[in-house]
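> everything below, folded, please.
(chains A and B)
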Protein chains: 2
Amino acid sequence: MNLSFDISGISERARLAAGVLAKAATAAKAAAIRAAAGEIRARAHAIVAANATDMAAGAANGLSSAMLDRLMLDAKRVEGIAAALESVAGLPDPVGATIDGWERPNGLRFSRVRVPLGVIGIIFESRPNVTADAGALCLMSGNAAILRGGSEAAHSNRAIHAAMAAGIAASGLPADAVQLVPTTDRAAVGAMLAAHGLIDIIIPRGGKSLVARVQNEARVPVLAHLDGLCHVYVDAAADPAKAAAIAVNAKLRRTGVCGAAETLLIDRAALAMAPAILAALLDAGCELRVSDELRALDPRLKPAVDADWDTEYLDAILTVGVVDGVVGAVRHINRHGSHHTDSIVTEDAGAAETFLQEVDSAIVLHNASTQFADGAEFGFGAEIGISTGRLHARGPVALEGLTTYKYLVRGDGQVRP
Amino acid sequence: MNLSFDISGISERARLAAGVLAKAATAAKAAAIRAAAGEIRARAHAIVAANATDMAAGAANGLSSAMLDRLMLDAKRVEGIAAALESVAGLPDPVGATIDGWERPNGLRFSRVRVPLGVIGIIFESRPNVTADAGALCLMSGNAAILRGGSEAAHSNRAIHAAMAAGIAASGLPADAVQLVPTTDRAAVGAMLAAHGLIDIIIPRGGKSLVARVQNEARVPVLAHLDGLCHVYVDAAADPAKAAAIAVNAKLRRTGVCGAAETLLIDRAALAMAPAILAALLDAGCELRVSDELRALDPRLKPAVDADWDTEYLDAILTVGVVDGVVGAVRHINRHGSHHTDSIVTEDAGAAETFLQEVDSAIVLHNASTQFADGAEFGFGAEIGISTGRLHARGPVALEGLTTYKYLVRGDGQVRP
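Have a look, this model is predicted:
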């Protein structure tokens, strides 16, 4: 046994804390999160100092400037972390809500009520704000959290976690509600993934290699956030101005997010709109890789190869193809997409309904940008990730996605014949 | 590659069928299931003859009489299978229902609608009626099913499946909606469990060794039906007659079902009721293994050992212990139970609410027998199993548990700022 990491001890403490959190009143959970926010504010100097140690090590280890930017904390970012916690504390509490209720002819009264999942393991990389965000979302939904951050943010995570734990404990809830795994040893990830029965669900937050490892190794159920190979389809009945604006926004507003479009499909009957849409994208600095029938439209266009239709660029590159109407678009998307987020641009209500119903993705939009794939834009106030799995929770996952249910059955002595 | 079992071919055909089923109208799905029932009735002689082959092989291979009884089909049981299908065809269709809807300040209109899971793999043993039941539940919920039955029922399963496929095809839906794996080779189970991305969920229906293998090997999410270590707690404020009736029914109505009680807990303040309750159980033929403080009550009582508190007997044996009130009962059940089904007997509404809220089980009852743990008793009309997992679906799982949801977002040109 690795004495530096005792998964059974940590998860046993988490289970005890989860028992308290499951019964905790909404106000008590909100107060604990606000107290955690207060401690983070009060310790902002210490958190920034701890982060400086990580930043120095990161620079020495040759982290990319993008990774260093994700890692960096200053007073403003620490304030942002505290404010984000306060916003979680203000969200409606899903726990205890009655989802359904009915009575049977034998007089038994059934109800289905929301309860927390239990113990949630979060495995994440670089961004130290996840320590606070994920911990608060778990706590507000009545779950105990076991957090395992990356080695590159070890000092930052410990400083933020210490503040959170102090705030939670001061509020009267158990500090073990949010635990940080005390080692960044890679073996700790393996132990968490194998902790069947001890951890109820694992949520990975990080790059593709982390998510792939979690998917491959986990004996615990995983709420995974995989590829976002999102499409915009411009239908024959599209409004050309909306089509150009949505294509540019879906691709270029932010290219590194999972809701960014990677493929633009144009209805063969809408080819007259193609020059203006492609010019808008090219003028905005986007590289376009297009199918043969579009090559002649602009000298800046490049040829698409087979792999392009299945590539999530996360960059200012877009594949553009031609399909035969909404049926062709649905077929292409269900074959090449990642079941994440896809959008149709059309003024034809029938085509829109066909697309909405038949595209097999977590989020399907009509006349709106794929970049709305985000818990905050859905009005959830937060998100712990966007699930690309089909089970339990799909699309943006916030507090409700961190709950399950149980059945309560009230009788007056019924026995089963 | 094993040519006798091509999981990618089967699952590709299932995926195509699932695409058709997802769009199929409720009436079309119901008609297909009724047509399947009709074919099963029309082929009853052939099905019984196929079953006779399995029965002869089973007897030669030394199957227990209990297993032979589960395997056996006669005209009455075949009629029961057909009637069960007709009852599934009459259930309300969950697909397409709008779960939630809201509008955001930017004018985007969100809705969350139920959609099928996709391709469901069912791995089952002995009872050939599962071929029909599970296939019909999957079809009615818009899912394609890949069924893999046990070798002991191979001929029966093939005959029932051939009838179903013919009925489905005659109704106009794809026969591949319900496929039976053409081999009972154990390697076929392994291929299904590894089919990540091809099969969306595996549902095992069988004994502990099958479920354990599925849990250990699966790379596909599993909806598992594990132990039912169920408790009845008799509170100080119990009605003694209800307590005795519920204890006897919960243990003895049927001892082999997962909702059968395995442990009886008696409040220390209710010990005066214990002699009558224990006598009722003993008189009904139940073996009682009791804690020390109860031993003197009756010469027929046996001492409980530590392992008894954690044993699912599935037999006419019950462990009986003493706890300190509802708090002691909750603590015992959350520690020793299997989070399946537990019941409190009390006339004290406060004690009942504490128990209902704090026992961490899929089904928690007040003044009713644990044997109500059953989809039909819940009013679901059917069940594909009782989930003891915490994710996706918990407790009895019927049509709704075989669905997921997607988000539809309707706009008029919105782009994200």
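
> how about the strands in the stretch 301-417 of chain A?
A:302-303, A:317-323, A:341-345, A:363-368, A:385-387, A:395-397, A:403-414 (DSSP state E, counting those that start in this stretch).

> looking at these, which is buried most?
Each of the strands of the stretch 301-417 of chain A was scored by mean neighbour count; the highest is strand A:341-345, a mean of 33, by mean count of other CB atoms under 10 Å in any protein chain shown. Backbone N, C-alpha and C define where each C-beta goes, glycine included.

> in its sheet, which strands sit next to it, and in what direction?
strand A:230-234 (parallel), strand A:363-368 (parallel) (DSSP bridges).

> could you dump those into a markdown table with mean pLDDT added?
Shown next, in a markdown table, are the strands paired with strand A:341-345 (pLDDT from 0 to 100):
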| stretch | mean pLDDT |
| --- | --- |
| strand A:230-234 | 98 |
| strand A:363-368 | 98 |
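
> in terms of mean pLDDT, which of the strands of the stretch 301-417 of chain A ranks lowest?
Ranked on mean pLDDT, the bottom entry among the strands of the stretch 301-417 of chain A is strand A:385-387, at a mean of 91.

> tell me what that one is packed against?
Counting contacts by 3 or more CB pairs under 8 Å, 6 or more residues apart in numbering or on different chains; DSSP states H and E, strand A:385-387 packs against strand A:395-397.

> at 10 Å what do you get?
strand A:201-205, strand A:395-397 (3 or more CB pairs under 10 Å, 6 or more residues apart in numbering or on different chains; DSSP states H and E).

> and chain B, which of the ones you listed is closest to it?
Ranking the helices and strands packed on strand A:385-387 by proximity to chain B (CB to the nearest CB) places strand A:395-397 first, at 5.0 Å.

> where does the residue lying closest to A:Y405 once chain neighbours are set aside fall, phi/psi-wise?
In space, and not counting its chain neighbours, A:Y405 is closest to A:R112: 5.1 Å by CB to CB, 6 or more residues apart in numbering or on different chains. Dihedral pair for A:R112: phi -120, psi 120, per degrees, to the nearest 10.

> A:R112 bridge partners, please.
Partner residues in beta bridges with A:R112, using DSSP bridges, are A:D100, A:Y407.

> that one contacts B:V364, doesn't it?
No - the pair A:R112 / B:V364 is not scored as a contact, 11.5 Å apart, by CB atoms under 10 Å.

> so what sits against both of these two?
Listed as contacting both A:R112 and B:V364 by CB atoms under 10 Å, 6 or more residues apart in numbering or on different chains are A:406-408, B:395.

> among those, which two are most distant?
A:L408 and B:G395 (10.7 Å; CB to CB).

> how about the contacts made by A:E12?
A:E12 is in contact with A:6, A:119, A:176, A:198, counting by CB under 10 Å, 6+ apart.

> no wait, A:V345
A:232-235, A:237-240, A:242-247, A:250, A:264, A:266-267, A:270, A:273, A:277, A:351-352, A:355, A:365-369, B:411, B:413.

> okay, helices next: where are they in chain A?
Along chain A, the stretches classed as helices by DSSP state H are A:7-23, A:26-42, A:44-60, A:65-71, A:75-89, A:129-140, A:154-171, A:186-193, A:208-217, A:240-252, A:274-283, A:325-336, A:349-358.

> where among the ones you listed is the average confidence lowest?
helix A:208-217 (a mean of 85).

> for it, name the packing helices and strands.
Checked by 3+ CB pairs under 10 Å, 6+ apart, helix A:208-217 has strand A:119-124, helix A:186-193, strand A:201-205 packed alongside it.

> just name the most buried of these.
Across the helices and strands packed on helix A:208-217, averaging neighbours per residue (mean count of other CB under 10 Å) puts strand A:119-124 on top, at a mean of 27.

> quick check: can you name the pairing partners of that one and their directions?
Note on strand A:119-124: by DSSP bridges, its sheet partners are strand A:144-148 (parallel), strand A:201-205 (parallel).

> neighbours of the residue lying closest to A:L399 once chain neighbours are set aside, how many?
Of all residues not flanking A:L399 in the chain, A:S141 sits nearest, at 4.5 Å (CB to CB, 6+ apart). Residues lying near A:S141 (other CB atoms under 10 Å in any protein chain shown) number 27.

> from B:V320, how far out is A:S141?
37 Å (CB to CB, to the nearest Å).

> for A:L408, same thing?
Distance of A:L408 to B:V320, given as CB to CB: 25 Å.

> cool, and A:R295?
From A:R295 over to B:V320 (counting by CB to CB), the distance is 81 Å.

> what's the overlap in contacts for A:L408 and B:G395?
When contacts are counted by CB under 10 Å, 6+ apart, A:L408 and B:G395 have A:112, B:363-364 as shared neighbours.

> can you lay out these as CSV showing distance to A:G389?
Formatted as CSV, the shared contacts of A:L408 and B:G395 follow (distance: CB to CB, whole Å):
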residue, distance to A:G389
A:R112, 22
B:I363, 26
B:V364, 28
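
> which residues of the stretch 1-150 of chain A lie near chain B?
Residues of the stretch 1-150 of chain A found near chain B (CB under 10 Å from any CB of the partner chain) are A:15, A:18-19, A:22-23, A:96, A:100, A:102-113, A:115-119.

> redo that, cut-off 6 Å
A:104, A:108, A:117 (CB under 6 Å from any CB of the partner chain).

> residues touching the closest residue to the second one other than its chain neighbours, list them.
Sequence neighbours aside, A:G411 is the residue nearest to A:L108 in space, at 5.0 Å (criterion: CB to CB, 6+ apart). Residues touching A:G411, when contacts are defined by CB atoms under 6 Å, 6 or more residues apart in numbering or on different chains, comprise A:108, B:367-368.

> A:N61: how many residues sit nearby?
Residues lying near A:N61 (other CB under 10 Å) number 10.

> quickly note the distance from it to B:V130.
Applying CB to CB to A:N61 and B:V130 gives a distance of 56 Å.
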